[in-house]
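Q: After the sequence you'll find the predicted model.
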Amino acid sequence: MEPILLDIPDELIEEDLILRPYADGDGKAFFDLLQENKDHLADTVEEMKTIKTNEDAEIRNRRLKVNWIERKRFVMGIWDKSTLIGEIWIEPLDWKVPVIEIGYFVVKKHEGKGIVTRSVQLCLDFMFNKLNAHRVEIRTNDDNHRSFKVAERCGFTKEAHLRENTKLNDKIVGRQFYGLLKSEYEKINPKV
């Protein structure tokens, strides 16, 4: 199916968590999140270098809105009720298969509460059942143990470790690769 024809929801909700694309005016919330978590996000969030003002954040969020409509990339804020506490992104790597990558971050004070795991689980349902993914991948820096645990809790299999293969903020790091097939997802989620 042509991706533009996919009928997809505007938000994903589970109890107190809301995952939704950024709306007009959310730039300030994203900018504030970055400013309040500079040290925590400096090594993982590329936008730390480029977003210097509320306006920069608003422009970025509106471009992401266009990407969503065009089905190029699906970026959602993770909201705890009305407070932005993180971000999750879904990136189609190959619509022909389809293979989709997922990435995420949450602010420091919300780490260790299961929020990222719950958000990824919500997105897995979205990717396998709305975007018709055959395979979902998580790629994470080789020192990001929290991210490994999220992948493992969600049923992903570690498939590769590439040593010192990418540069991030002037530092060369390795990457861990995790994968989950739709057939595996259906086994661990029989309601699907």
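A: Thanks, I have it.
Q: Bridged to residue 88, which residues?
A: Note on residue 88: beta-bridge partners by DSSP bridges are residue 76, residue 104.
Q: Could you tell me how many residues sit around it?
A: For residue 88, the count of nearby residues is 21 (other C-beta atoms under 10 Å). (Each C-beta comes from the backbone N, C-alpha and C, glycine too.)
Q: what is the rounded mean pLDDT of the host helix or strand of residue 117?
A: Here residue 117 sits within helix 115-129, counting by DSSP states H and E. In this model, helix 115-129 has an average pLDDT of 96.
Q: tell me which residues in it are buried?
A: Judged by neighbour count (16 or more other C-beta atoms under 10 Å), helix 115-129 contains these buried residues: 115-124, 126-128.
Q: Serialize those to CSV and add fields for distance to residue 144.
A: CSV is the format used below for the buried residues of helix 115-129 (distance: C-beta to C-beta, whole Å):
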residue, distance to residue 144
115, 16
116, 11
117, 14
118, 18
119, 16
120, 14
121, 19
122, 21
123, 18
124, 19
126, 23
127, 21
128, 24
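Q: of all these, which comes closest to residue 93?
A: residue 127 (11.7 Å; C-beta to C-beta).
Q: Spatially nearest residue to that closest one, not counting backbone neighbours?
A: The shortest distance from residue 127 to any non-neighbouring residue, by C-beta to C-beta, 6 or more residues apart in numbering, is to residue 133 (4.3 Å).
Q: Tell me how far that neighbour lies from residue 125.
A: Distance, residue 133 to residue 125, using C-beta to C-beta, to the nearest Å: 10 Å.
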